[in-house]
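Peer 1: Got a predicted structure here, sequence first:
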Protein chains: 2
Amino acid sequence: MPRSGAEARARLREAALDLYGEQGYEATTTAEIAARAGVTERTYFRHFADKREVLFDGEAELRDVMREAIASARDEGPLATVLRAYAAAVPLFVAGRPVAVRRAAIIATSPALAERAHAKSASLTEALVAALRERGIAEPTARLAARAGAAVFERASQAWDGESAAGLEALIARAEVELRALTENRLG
Amino acid sequence: MPRSGAEARARLREAALDLYGEQGYEATTTAEIAARAGVTERTYFRHFADKREVLFDGEAELRDVMREAIASARDEGPLATVLRAYAAAVPLFVAGRPVAVRRAAIIATSPALAERAHAKSASLTEALVAALRERGIAEPTARLAARAGAAVFERASQAWDGESAAGLEALIARAEVELRALTENRLG
DNA sequence: CTAGTTGACGTCAGTCACTGACACTTCCGT
DNA sequence: ACGGAAGTGTCAGTGACTGACGTCAACTAG
């Protein structure tokens, strides 16, 4: 049957999303996920490193898109370049939104999952740092820019999840303005 | 013997730091740590939630100091307030530096530990957000300021670990200037 | 078309992090 | 002295995760 484990992997992803949502993360076992996906527990661990990782697939794609965006960006300062990369990833965020909503609800119920989410975000930031360095930006500056950019994006994303009549790109620009206001010490 | 588990807890901390350093994090078991500390494994888990947590004690103290600093700061804008809080914690960082160095070396060897470190940092940031909100700062602004402040501090801390003739407080001020330059789009 | 190769999967046995329940001892206030 | 609270030991158990080995289907070279 299997020459590419892609289908099994996809079934595992869906099974986990379902079960974590229905019974809660801690209450479901990896064996249950595997059973619903029609494979054994061992196969689960061949596809995903641990019980949490199944919720964080597709991270590589996001990272690649943003890395490419940084590599091919025009010169306009490190922070602006980082924000361009987030803007370039907007289609991915839009496409993945339905799943992201379910996932976020699950993550909010478990500190262990929140921890992994932070780690993923940090890993993404490191990738951006590396991409900035490829453009000749010094390490400390690159890291500061990447982290500031992540803060800006999180703020934009938060607004997007809220009322948000605006699109993500506009919200990113707006959040950048907010950050500039903060650094200029205007009272918020 | 035991009326306050403080000594056992301290012995567990030292034992873990030693063993993680000698054999590596993954190669040491919680049973080993407990044995070296002269207690049972069960007692370990009464003091620390899991195998990693033993490396991240004293985080509460840091959080309290920074929270207090924010509560009693004078008005000068959210980001400046956050940076005051980091500055207020400088003595803690100085005092804890020897242990912090050993801990950092261990953390660098294990993704699981890095994950926990990020979670701790995120939890601290959330505490700062709450403290800012107590001062009447709106949630999104507070979170953006807290995250930007964390980025600034990390950059200062990085410089401190490096050559760093300067003190941490001066490096924080310097990093704040760097962030301002980034938001003003000056090429870095 | 066949034989050898490769990659995904199943099976099994084992380790270790972590938990609940219960009994015991020491400390402290009354 | 007495009773309760807090820290600990003991024991049994669950579940995440791993290594080793065998199998079978899909591809590939000849």
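Peer 2: Thanks, I have it.

Peer 1: Any idea how many residues pack against residue A:85?
Peer 2: Neighbours of residue A:85 under the rule other C-beta atoms under 10 Å in any protein chain shown: 25. (Each C-beta comes from the backbone N, C-alpha and C, glycine too.)

Peer 1: Equivalent analysis for residue A:83, please.
Peer 2: 25.

Peer 1: What of the one 3 residues further on?
Peer 2: Residue neighbour count, defined by other C-beta under 10 Å, stands at 24 for residue A:86.

Peer 1: which residues touch it?
Peer 2: A:66, A:149, A:152, A:153, A:156, A:172 (C-beta atoms under 8 Å, 6 or more residues apart in numbering or on different chains).

Peer 1: The third one contacts residue A:174, correct?
Peer 2: Spelled out, it's residue A:152. No. Using C-beta atoms under 8 Å as the test, residue A:152 is too far from residue A:174 to be in contact (9.4 Å).

Peer 1: Which one of those two is surrounded by more residues?
Peer 2: Set residue A:152 next to residue A:174 and count neighbours by other C-beta under 10 Å: residue A:152 wins out with 28 against 14.

Peer 1: so which strand or helix has that one?
Peer 2: helix A:139-161 (DSSP states H and E).

Peer 1: ok, which stretches of chain A are helices?
Peer 2: A:6-23, A:30-37, A:41-47, A:59-71, A:78-88, A:90-95, A:97-107, A:111-134, A:139-161, A:168-183 (DSSP state H).

Peer 1: Off-centre distance for the fourth one?
Peer 2: To tie it back to what came earlier, the one meant is helix A:59-71. Distance of helix A:59-71 from the chain centroid (C-alpha atoms, centre = their mean, to the nearest Å) equals 11 Å.

Peer 1: For that helix, list every residue counted as buried.
Peer 2: Across helix A:59-71, burial judged by 16 or more other C-beta atoms under 10 Å in any protein chain shown covers A:62, A:63, A:65, A:66, A:67, A:69, A:70.

Peer 1: With the second one instead?
Peer 2: By neighbour count, with 16+ other C-beta under 10 Å as the criterion, the buried positions of helix A:30-37 are A:30, A:33, A:34, A:36, A:37.

Peer 1: Next to DNA strand C, which bits of chain A? Give me the list.
Peer 2: Counting by C-beta under 7 Å from any atom of the strand, the residues of chain A lying close to DNA strand C are A:1-5, A:7-9, A:38-43, A:46-47.

Peer 1: Kindly present the buried residues of helix A:59-71 as TSV, with separate columns for distance to residue B:16.
Peer 2: What follows is these, written out as TSV (distance: C-beta to C-beta, whole Å):
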residue	distance to residue B:16
A:62	35
A:63	33
A:65	40
A:66	37
A:67	37
A:69	42
A:70	39
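
Peer 1: Residue A:132 and residue B:38: what is the separation?
Peer 2: Taking C-beta to C-beta, to the nearest Å as the measure, residue A:132 falls 49 Å from residue B:38.

Peer 1: Those two: which is more packed in?
Peer 2: residue A:132 (28 against 12).

Peer 1: what about the closest residue to that one other than its chain neighbours, neighbour count?
Peer 2: Nearest residue to residue A:132 in three dimensions, chain neighbours excluded: residue A:142, at 3.8 Å (C-beta to C-beta, 6 or more residues apart in numbering or on different chains). Neighbour count of residue A:142, defined by other C-beta under 10 Å: 24.

Peer 1: now residue A:50
Peer 2: Neighbourhood size, residue A:50 [other C-beta under 10 Å]: 12.

Peer 1: quick check: domain ranges of chain A?
Peer 2: The record's domain parsing of chain A by automatic domain parsing lists A:6-54, A:58-183.

Peer 1: gap between the shortest one and the chain center?
Peer 2: From the chain centre to the centre of domain A:6-54 is a distance of 20 Å (C-alpha atoms, centre = their mean).

Peer 1: hmm, it touching DNA strand D?
Peer 2: Yes. If you take C-beta under 7 Å from any atom of the strand as the test, domain A:6-54 does meet DNA strand D, through A:28, A:29, A:30, A:31, A:41, A:42, A:45, A:49, A:50, A:51, A:52.

Peer 1: Show the buried residues in those residues.
Peer 2: Buried subset of those (neighbour count, 16+ other C-beta under 10 Å): A:28, A:30, A:51, A:52.

Peer 1: Might one say that the first one is in contact with residue A:17?
Peer 2: What it means is residue A:28. No. The criterion here is C-beta under 8 Å, and residue A:28 misses it with residue A:17 at 10.8 Å.

Peer 1: which stretches of chain A aren't confidently modelled?
Peer 2: Low-confidence segments of chain A (pLDDT under 70): A:1-3, A:186-188.

Peer 1: Let's see that with 80 instead.
Peer 2: A:1-3, A:163-164, A:185-188 (pLDDT under 80).

Peer 1: tell me the two of the residues of chain A next to DNA strand C that are most distant?
Peer 2: Comparing all pairs in the residues of chain A next to DNA strand C by C-beta to C-beta, the longest separation belongs to A:3 and A:41, at 22.0 Å.
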